[in-house]
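> Okay, sequence plus prediction incoming.
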Amino acid sequence: MILITGVSGSLGGLILRGLSGVEDVDVVAGSHSGGGGTIRRVDFDDPGSLPEAFLGVDVLLVVSAGYAEDDVVFARHGAVADAAAAAGVRHVIYTSAASSCESMTIAVPHRWTENRLASGPFSTTILRNGLYTEIPVGLATAGAGEAAATGEFAAPFGDGKISVVAREDLADVAVRVAAESQRDLDAGRPIRHAGRVYELEGDTPIGGTDIAECLTAALGRPITYRPTSLSATRAALKDSGLEPYQIAHTLSTFSNVIAGRAQARTSDLADLLPAPARQPKAAIAEAVAAGGYQGQSISATRR
Ligand SMILES: NC(=O)c1ccc[n+]([C@@H]2O[C@H](COP(=O)([O-])OP(=O)(O)OC[C@H]3O[C@@H](n4cnc5c(N)ncnc54)[C@H](OP(=O)(O)O)[C@@H]3O)[C@@H](O)[C@H]2O)c1
């Protein structure tokens, strides 16, 4: 049986939908708020909820619960590793951060968790997820109104680009890896994904000029890209409603983009997807055309 945690989240919900369509494996859903019915209560902040939640689970698909200060995330994911070991879980799949995030602050709890899981008595697969396409989509929709008025799209990307990936593609890979791992266990075979670390990064890095080109096409007037400073971004984020740790992560991410460190050097995505990866420029064009820019803010870049 596969248990997927975090099903009320965007990624967890997509994975659950995908796994629910797989007929030859048993799947149960977990959420920290419970949810009733067949959804098990899996609250990483309440380790006491985990032994019962993990009963009978062979494959545990852990969706990272990263919206908190790092020490909280260490405690959450450490509790999951302990409970999985105690419950006799055979294989743990964890949604981590890709190599292009390596020097971003968000990588710290992910790499900590990878190491913690590696010391468990179960096998593991690490899904190193790239940054979501929603980041450039959020920036484009947030900036579309100003771009339409001024002819400029402003963002703190410098000359850098960011390798983003659609959540739907990440969910498709997670579904495949979880289902194949369970099938291998059911058949008494070695788990083909055991011990693997997959880099799941997009194949089309997106920079400020790329977003401006998308806006040009969507808005029907020439839009040029104007790089903005980190200090201006910090000032704009001050009253954004983001938690201080989220502001720190956001600035670290943009710093890495400007430094040219947010581009993927390698990716396993194409090998694991059943179809070509979803393209970020199409997602940007679609979001801007849908007029979603009116109410959005830079907080769409939170993580
Ligand atoms: N690659 C990226 O660009 C990127 C961006 C943002 C975040 N992330 C990471 O990827 C994860 C999934 O992204 P998302 O877009 O699906 O985020 P999301 O929609 O905001 O979902 C947050 C996730 O955290 C889980 N969670 C929160 N508190 C929890 C707790 N106490 N115990 C167990 N789970 C808890 C939620 O599950 P339940 O509420 O169902 O328990 C849900 O799966 C995030 O949590 C974060 O760690 C990645």
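That came in fine, so what should we check first?
> need the helices for the stretch 201-303 of the chain, in chain order.
208-219, 230-238, 244-258, 269-272, 280-289 (DSSP state H, counting those that start in this stretch).
> again with the stretch 51-200 of the chain
So, for the stretch 51-200 of the chain - with DSSP H, counting those that start in this stretch - the helices run 70-87, 107-118, 134-150, 167-186.
> residues in contact with A194?
Residues in contact with A194 (C-beta atoms under 8 Å, 6 or more residues apart in numbering) are H91, S123, T124, T125, S181. Every residue, glycine included, has its C-beta placed from N, CA and C.
> nearest to N256, of the helices of the stretch 51-200 of the chain?
Judged by C-beta to C-beta, the one of the helices of the stretch 51-200 of the chain that comes nearest to N256 is helix 107-118, at 9.7 Å.
> Quick check: T38 is in a helix.
No - counting by DSSP: H, G, I helix; E, B strand; the rest coil, T38 falls outside a helix, being coil.
> Would you mind naming what in the protein lies close to the ligand?
Proximity of the chain to the ligand, by C-beta under 6 Å from any ligand atom, involves residues 5-12, 31-33, 42-45, 63-67, 95, 129, 131-132, 303.
> Can you tell me which of these are buried?
5-7, 9, 11-12, 31-32, 42-44, 63-66, 95, 129, 131-132, 303 (16 or more other C-beta atoms under 10 Å).
> how many neighbours does E52 have?
Using other C-beta atoms under 10 Å, the number of residues around E52 comes to 12.
> could you check the distance from it over to L131?
E52 is 35 Å from L131, where distance means C-beta to C-beta, to the nearest Å.
> Please name the residues that touch E146.
Each residue near E146 by C-beta under 8 Å, 6+ apart is listed here: E152, F153, A154.
> What is the nearest of the residues you listed to E213?
Distances from E213 to these, taken as C-beta to C-beta, are shortest for F153 (9.4 Å).
> right, and T216 touches P222 too?
Yes - taking contacts as C-beta atoms under 8 Å, T216 lies within contact range of P222: 5.5 Å.
> Show me which of the two is the more surrounded one.
Shown here are T216 and P222; by other C-beta under 10 Å, T216 has more neighbours (16 against 11).
> Not counting sequence-adjacent ones, nearest residue to E201?
A264 (3.5 Å; C-beta to C-beta, 6 or more residues apart in numbering).
> Could you measure from that neighbour over to the ligand?
Counting by C-beta to the nearest ligand atom, to the nearest Å, the separation of A264 from the ligand is 13 Å.
> try G36
Computed as C-beta to the nearest ligand atom, the G36 to the ligand distance reads 13 Å.
> again with T228
21 Å.
> Might you report the residue contacts of R17?
Counting by C-beta under 8 Å, 6+ apart, R17 touches A171.
> All set, thanks.
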